[in-house]
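1. 3D model of this:
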Amino acid sequence: MNPPAPFSWHPVVQELSTPAVADPLGELRARLAAASPALPGGPRPRIAVAVGSRGIAGIGGVVAAVVAHLRARGADPFLVPAMGTHGGGTAPEQEAVLAHLGITEETVGAPVISQPEVQRVGTTPGGVPVWVDRAAWAADGIVPVNRVKPHTAFAGAVESGPSKLLAVGLGKAESAAALHRAPLERAIPEVAELLLGTGRVPFGVALAENAAGATAALEVLLPPGWLAAEAALLARARRLAPRLPWDDLDLLVVQELGKDVSGTGLDLHVIGLDRRFPGRGAVPRIRRIAALGLTPGSRGNANGVGYADVVTRALADAVDWPATYANCRATGFLEAVRLPYVAADEAEAVAVALRSLRPDPGPAVRAVRIRDTSRLLDLEVSPALWAALPEGVHKRCG
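-> Alright, predicted model coming up:
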């Protein structure tokens, strides 16, 4: 990887909190056995295990453990994609997203039923229609499996997690469109409470990750106390979430953006919420962002590309615009899919971004290069930052 002009990158390591569960699958099995949640239906209930599109640590093993637990309890489990409009909202592409995450019938021991139909099952007290994947609703029960983390569009008691998977992911484009036009902080818990109240959701699995992307905590959520337990895990996930150690930067270079990294491709908590909500004064303040590529797991969905200022031709050519626009229509954030300036390669992207700054920072440029917005332990920095590293950031040699 050749360093882009007009300066060289220097490797550094950031100290971040990385508590981890030593044996996540063993812990999950023990918690499932201890909770022993009652399953709805008859002696052989059909249970839909709902899985989203994020790149969660060990997600294949987690889903396989849930499937094995259900089978041991006499259930007949199957998997459904619960990812809103990801994969362009089409059944084959959503199944392909799961396969890219390592989730197939062969790997987890249960068939994947990916189909486009949803069923309206109710209306929240706030007037939001509730939609559910038709195959999941035809089953006796639904078990959501998801990571808990701060959302990039709102702040609430519960944000991204199993409740959002139930409220938004499971209802495909219909739920995504309905909830993104309602106050999400109110609509998500209302939809979750409505579905939990049906008795069709016997339990859920919630995971939180540390700054290194490893499992830091997991919970088996049960309907009594579900939202409170998820809110507590969110508070922990927020404390563990990685952040850049600088509040002001001239340039951030991101090797990859993608839906499997964040719903907005670039996590707005990392690049600055002002990119979506101008004028809030949120940190960090980054004058220019250059994005170089799209993760394979995005399968062409470049939602969030509009939060960059410059992209490479390789990234632009990798975009599946129908899939990207399907995501945009559901969320309503049109700025998220605007195509920025397209540079030939990384060197030109960096040069264009820096030349656009007024005044040009010259050799004092404050620039950082990262793999993606979820991986912030190993960074590369410009000479100006290398010369005066903040506390908790160290030069990496060798």
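
2. just the C-alphas of the helix or strand containing V220, formatted as CSV.
-> Following DSSP states H and E, one finds V220 within strand 215-221. Extracted C-alpha coordinates of strand 215-221, given in CSV (Å, rounded to 0.1, in the frame of the first residue of the first chain):
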residue,chain,number,x,y,z
THR,A,215,-17.9,-9.6,22.6
ALA,A,216,-17.8,-7.6,25.8
ALA,A,217,-21.2,-8.7,27.2
LEU,A,218,-24.3,-10.7,26.2
GLU,A,219,-27.8,-11.0,27.6
VAL,A,220,-30.7,-13.3,27.1
LEU,A,221,-33.6,-10.9,27.1
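
3. what residue is smack in the middle of the protein?
-> S262 (3.6 Å; C-alpha atoms, centre = their mean).

4. contacting residues around the strand holding V220?
-> For strand 215-221, contacts defined as C-beta atoms under 8 Å, 6 or more residues apart in numbering pick out 18-21, 24, 27-28, 31-32, 35, 37, 57-58, 162, 203-210, 229-230, 233, 236-237, 240. For every residue, glycine as well, the C-beta is placed using N, CA and C.

5. extract the CA atoms of stretch 79-98 and return them as PDB.
-> Included here for stretch 79-98 are C-alpha records, laid out as PDB according to Å, rounded to 0.1, in the frame of the first residue of the first chain:
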ATOM      1  CA  LEU A  79     -33.800 -18.300  10.000                       C
ATOM      2  CA  VAL A  80     -35.300 -15.100   8.500                       C
ATOM      3  CA  PRO A  81     -33.300 -12.000   7.400                       C
ATOM      4  CA  ALA A  82     -34.400  -9.100   9.500                       C
ATOM      5  CA  MET A  83     -32.500  -6.200   7.800                       C
ATOM      6  CA  GLY A  84     -35.100  -3.800   6.500                       C
ATOM      7  CA  THR A  85     -34.000  -2.700   3.000                       C
ATOM      8  CA  HIS A  86     -30.500  -4.000   3.100                       C
ATOM      9  CA  GLY A  87     -29.700  -6.200   0.100                       C
ATOM     10  CA  GLY A  88     -32.000  -3.900  -1.900                       C
ATOM     11  CA  GLY A  89     -34.900  -5.400   0.000                       C
ATOM     12  CA  THR A  90     -34.900  -8.500  -2.200                       C
ATOM     13  CA  ALA A  91     -35.200 -12.000  -0.900                       C
ATOM     14  CA  PRO A  92     -32.200 -13.500  -2.800                       C
ATOM     15  CA  GLU A  93     -29.900 -10.600  -1.900                       C
ATOM     16  CA  GLN A  94     -30.900 -10.700   1.800                       C
ATOM     17  CA  GLU A  95     -30.100 -14.400   1.900                       C
ATOM     18  CA  ALA A  96     -26.800 -13.600   0.200                       C
ATOM     19  CA  VAL A  97     -26.000 -11.000   2.900                       C
ATOM     20  CA  LEU A  98     -26.500 -13.700   5.600                       C
END
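
6. buried ones in that stretch?
-> 79-89, 91, 93-95, 97-98 (16 or more other C-beta atoms under 10 Å).
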